[in-house]
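Q: sequence first, predicted model second:
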Amino acid sequence: MKKNVLLSLVILFALALAACAPAADTAAAEEPAAAAEGDTIKVASLSPLTGPVPTFGESTKNGFMMAVDEWNANGGVLGKQIEPIVEDSQCTADPAVNAANKVIDQDGVHYIVGEVCSSASIPVSEIAEEKGVLMISPTSTNSDVTLNLDGSTKDMVFRACFIDPFQGLVMAKFASDQGYTKAFVMSDQGNDYVRGLAEVFSEKFVEYGGEIVGSETYTGTDTDFSAILTKVADSGAEVLYLPDYYNVINLVAAQAKEKGVTAVMMGADGWDSSDLDLAAADGGYYSNHYSPDDTRDAVVDWVSKYNEAYGSTPDALATLAYDATNLLFAAIEKAGVDDPAAVATAMEGLSYEAVSGTVTFDEYHNPIKSAVVLQVKDGAINFVASVAP
Amino acid sequence: MERKNQNPIVNWIVKSKILGILFFVIIGAFAVYKLGTALFDNPSLFLQQVVNGLQLGFVYALIALGYTMIYGIIQLINFAHGDIFMVGAFASFYSISRYNVHLWFQNLFPSVPVMLAQIIGTVTVILVSMVVCALLAYTIERIAYKPLRTAPRISALITAIGISFFLEYFGALNFVFSPNYITYQRPFAVKSWFVGPSGFGSIESGIAPPAHSIIFSNIFLIIVFASLLLLLVLQYIVKKTKIGKAMRAVAYDKPTARLMGINSDAIISVTFALGAALAGAAGVLYAIAFPQVFFSMGITPGMKAFVAAVVGGIGSIPGAFIGALIMGQAETLSAAYISTPMRDAIAFSLLIVVLLIRPKGIMGETSSEKV
Amino acid sequence: MKRLNKSSVLFLVGAVLVFSVIQVLISMKIINSFWSTILLQAGVMAIVALGLNLIYGFNGQFSLGQYGFYAIGAYTAADITYRWTQLHSASGLTVVLMIAILAGITIMLIRNVVTKIRGLDTLSAFALYLTAVVFSIFVAIKIGQLIANPVTALFNSLPEQTSQYIIYLLAVLLGGAIAAEVSFLFGLPVLTLGSDYFGIATLGFSIIVKVLLDNSDTMLGFAEMKGARGMIGIPKVTTWAFVFFFLLLTVVIIRNLLNSSYGRAIVSIREDETAATSMGIDVAFYKTITFVIGSFFAGLAGGLYAHINGFLHPNTFSFVKSFDPLIIVVFGGLGSVTGTVGAAFGWALVLEGVLRLVLPDGFETWRFVIYPALLLVMMLLKPNGLFGNYEIPFIRSIVPALKEKKADSETAKEAA
């Protein structure tokens, strides 16, 4: 008995030591690390590699790594090689905060690309702001990510994706232009990206003279949508607006066919994935950053390179992570120094030819770029219209 | 002990339990009113929702059966059950997409009617998954649960949670199942029919069915049929066979069963394998119904099926079945008529209410207190 | 005056030492914010787990609802400080304070009535309590709003820092109080269920809380909580000193509780409910009080947690995460206060700290493969937890009942 207790205590002490040792080491080694900083520029990616949506983390990491590798192959940024640091943030506040603290305090990173989910990006953005680290979130749509509570813009925080109002507006306008007047809106109550889009769409669609014949919410873990789809079929809706990610679309689309739903499905950039079930989503429209038919070099290069490296066409998350990382490096080049504050200023005035179009930032650090509307038709994705902001 | 209260009114209140009854009657009346008006307003829509709920309920039933068996025999809430279910779904995904197992009969005997060949192929796929899951569960039981037979019950529960996490995140690794949502290729094509005042017919995609008709698909039929069949097989095994008798003996009193010459360790392993086989079958049917497989697909249905097993009276096989059907209806009808966001909350409130009225579940033995 | 014995002195000295060493290291930035944030999370988790250990480890009630109360405490406290720092109004404080007080008084009053009526069934009692408490909440909101302005003026007259900290401390305590009152109402009917059924009902409770929080802006009407968008604007005031103080307080309260006649009654219920009843112990009462105290600690921890990141999101309180305190309690040793605290710190430091540092590039996803594997190995090697029934002398000397391994053999017999 006593032996066991002793053993446990020893184990615990060992763990505590193990826990503290690296901390002490890096703290002590901070001076040489600072000196060595001259050779490389450290950039961290925070993404949900575990947790509820590791697939998003995987795409984001891929996009990030591709951008880093490209810049490194071309001689790096400011003549220095980029040292990527990938950390897991689980799409949840606590692990994201720990990951951010780790890359900033332990690794001495000045630039963060991430997080994917707004629920993790918001607390990270506050840390970045506090510690003067530049952060660019590839995909967090919540306005609180770049804004303080009083409505002022966070100096050090940017994003590379559309905010909710724009895509919702695009689809509302497109739907009413097509002559549809009755829409049904479905959204994930626990996902602010989906909720935000759904709210804006509902509002704008009514402004354009349409009618919302029903709106329902579900939770992210739902797989059975039959109750809601039965309501959709019964409501006589012509449009089913479902701005969720492709995984949900696949499930809903498959079940909609069984339930005799005839409404045209519409969505947002979350649909953009090689895993979208083209047969099930046939006839649906979605808004996106770029069209696969696009002949711009940036797009062609990106799609072919990604395909070569990972064997699939990039989804929206990978594209945005790639863009975000490129924007960051372009801003560092423009600033000419490895200093987050200077880079932030440079980024505000940046105009960069990214995969998702020519990007500039508005006063709230949101990108200004145009969107396209695509249609899923006969197993292919076709360009339908382009909408400027 | 039972001393009477002086005041006759108080006495009546106590005796009739009127306050508690009133409380539930008010809640019940609200639900009945909501559903009643729904039925009255649009009977065909209501029936359609009931059919939707049935499909969900039968899938839950398959998972719940495994839970209830394992709980019945070693009182372990096997949180890893949902993840074995996930492995079952993945096993069928690989056997269909990679090895074309569902086509073997068609390829061997091209002259046989397609329908029959498809049924045989699908059954084979289900059997493969059942075997994979049974083997996996047997291994897990040997490694992780057996050494803990004499340890506190909670240790096994934590082990189950550990196994559950492990299966999920190991599965999420890129070289295992990958963290992606994978579209599942069904072993047969979906076909929907409608039945109603305008007669009976099949639905073509993109064309709205006639109004006031109820829609169901071949998936619904297969799920109902398979669940009922597996329930009957399970009941037969437990009630009629020698091994079933041994299971019941071990569940009732382990030391005595051992004295009677029953190898209780072996029986527990067999129970695990059997429960897992059911989870495997459920995984295939679930993936057929909701055609997507991913590493964490087992968590939510697993949890809901477990709750269903508790509602029905955990440890009871018919109870698990009834509980699952109730759970399916509760979820679908509350989503349809009360509030979609509150769907899970309502399902769980129902669980709590059922437990308050019948503390051991609907079919649970109320007097099973062993002292 | 009570004489301090040797173990108490040792404990206090040790506690002060541990606190000051870590505090100094944090101030000197030797422990950077990465490790200090993890320490805060670990301390908060230790309080949650201690509450659960009281309910499960000492009283034997298998609860999975600890995270529900944790969430309630977090959001309650956050709302109070949010209103103060962002809206410059003490209305949150006064309303919640009045609810806590009036609901508490109502519960006491109803209890007086109910205990006088012999043989009233639990559900009827529950209906009575619920109606009365709902009514008292309405009254409390009205009173709270009435006195909000004078109280705001009062706090405004204090120095800014002082009023901020007073409100923060009150918010944390009120988070605990509200969690405790909710747990009383919920526990009243549910505690009559058998152990596993109680566990499932509490699991249901935490899921219901999560759903309500997802819709807190639309269904509950708290626009500032922003539902699934996540609540921002909470002041980040929780520091190591606060966490350590409350952790110490929790340990001391639990130790003293277990030392009292209450504690012996609580433990006796775990050992054998039937025997306890026959000894004249009011089983229902002690179960309820343990559940309420355990939930109070969860709520308290929630209040502390809300002010670490200054951000709350319902996903933090999801179903999968709610296993964490249970894992910690079992890991440390069921019914061991020392073990729970040790395990909470070990768990957080290893999972969030060490594993992040030691895993090589490209293996970030393995963190959650290694964690369950470690869990499995630990459970197989030490099924009674890391510390078994070990306690440091300060706690051990007064809880002799825990030295015996009776609980284990009991459960083993039950399982056999």
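A: Everything's here; your move.

Q: show me where chain B has its strands.
A: B:182-183, B:192-196, B:199-203, B:214-217, B:292-293 (DSSP state E).

Q: residue closest to the middle of chain C?
A: In chain C, the residue lying closest to the centroid (C-alpha atoms, centre = their mean) is residue C:298, at 1.4 Å.

Q: a helix runs through residue A:122, doesn't it?
A: Yes - the assignment for residue A:122 (DSSP: H, G, I helix; E, B strand; the rest coil) places it in a helix.

Q: so it sits right up against residue A:141, yeah?
A: No - contact criterion C-beta atoms under 8 Å: residue A:122 and residue A:141 do not qualify, at 11.5 Å. (Each C-beta comes from the backbone N, C-alpha and C, glycine too.)

Q: write out the residues of the stretch 251-400 of chain C neighbouring chain B.
A: Contact residues, the stretch 251-400 of chain C versus chain B (C-beta under 8 Å from any C-beta of the partner chain): C:274, C:319-320, C:323, C:326-327, C:330-331, C:334, C:365-366, C:368-369, C:371-373, C:375-376, C:379-380, C:383-384.

Q: which of those are buried, as a ChimeraX select command?
A: Typed into ChimeraX, the line below selects the buried ones among those, using 16 or more other C-beta atoms under 10 Å in any protein chain shown:
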select /C:319,320,323,326,327,330,331,334,365,366,368,369,371,372,373,375,376,379,380,383,384
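
Q: among the residues of the stretch 251-400 of chain C next to chain B, which ones lie close to chain A?
A: When contact is defined as C-beta under 8 Å from any C-beta, these meet chain A at C:365, C:368.

Q: so where's the longest helix in chain B?
A: Counting residues, the longest helix in chain B under DSSP state H turns out to be helix B:43-74.

Q: how far is it from where the chain is centred?
A: On the basis of C-alpha atoms, centre = their mean, to the nearest Å, helix B:43-74 is displaced by 5 Å from the centre of the chain it belongs to.

Q: chain neighbours aside, what residue packs nearest to residue A:226?
A: residue B:52 (3.8 Å; C-beta to C-beta, 6 or more residues apart in numbering or on different chains).

Q: any idea how far chain A is from the residue nearest to residue C:190 when sequence neighbours are not counted?
A: Spatial nearest neighbour of residue C:190, excluding adjacent residues (C-beta to C-beta, 6+ apart): residue C:201 at 4.7 Å. Look at residue C:201 and chain A: by C-beta to the nearest C-beta, to the nearest Å, they are 21 Å apart.

Q: for residue C:56, same thing?
A: To chain A, residue C:56 is 20 Å away according to C-beta to the nearest C-beta.

Q: distance of the residue lying closest to residue C:129 once chain neighbours are set aside relative to chain B?
A: Distances taken as C-beta to C-beta, 6+ apart place residue C:110 nearest to residue C:129, at 5.4 Å, with adjacent residues excluded. As judged by C-beta to the nearest C-beta, residue C:110 and chain B stand 12 Å apart.

Q: what's around residue C:110, how many residues?
A: 18 (other C-beta atoms under 10 Å in any protein chain shown).

Q: I figured it hits residue C:128, correct?
A: Yes - counting by C-beta under 8 Å, residue C:110 does reach residue C:128; the two are 5.8 Å apart.

Q: I'd like to know which elements the host helix or strand of the residue nearest to residue C:129 is packed against.
A: Secondary structure from DSSP states H and E places residue C:110 in helix C:91-116. On a contact count with 3 or more C-beta pairs under 8 Å, 6 or more residues apart in numbering or on different chains; DSSP states H and E, helix C:91-116 meets helix C:66-87, helix C:122-157, helix C:160-190.

Q: which is the next helix or strand following the last one?
A: Note on helix C:160-190: by DSSP H and E, the next helix or strand toward the C-terminus is helix C:195-214.

Q: next, the angle helix C:160-190 makes with that next one.
A: 140 degrees (axes from the mean of the first three to the mean of the last three C-alpha atoms, to 10 degrees).

Q: retrieve the pLDDT associated with residue 165.
A: Using chain A. On pLDDT, residue A:165 comes in at 77.

Q: chain C is the one I meant
A: 92.

Q: mean pLDDT for the strands of chain B: which is lowest?
A: Across the strands of chain B, the lowest-scoring stretch is strand B:199-203, with a mean of 81.

Q: and it, what does it pack against?
A: Strand B:199-203 sits against strand B:192-196, with contacts defined as 3+ C-beta pairs under 8 Å, 6+ apart.

Q: so the strand it packs on, near chain A or not?
A: Yes - residues of strand B:192-196 are located near chain A by C-beta under 8 Å from any C-beta, namely B:192, B:194.
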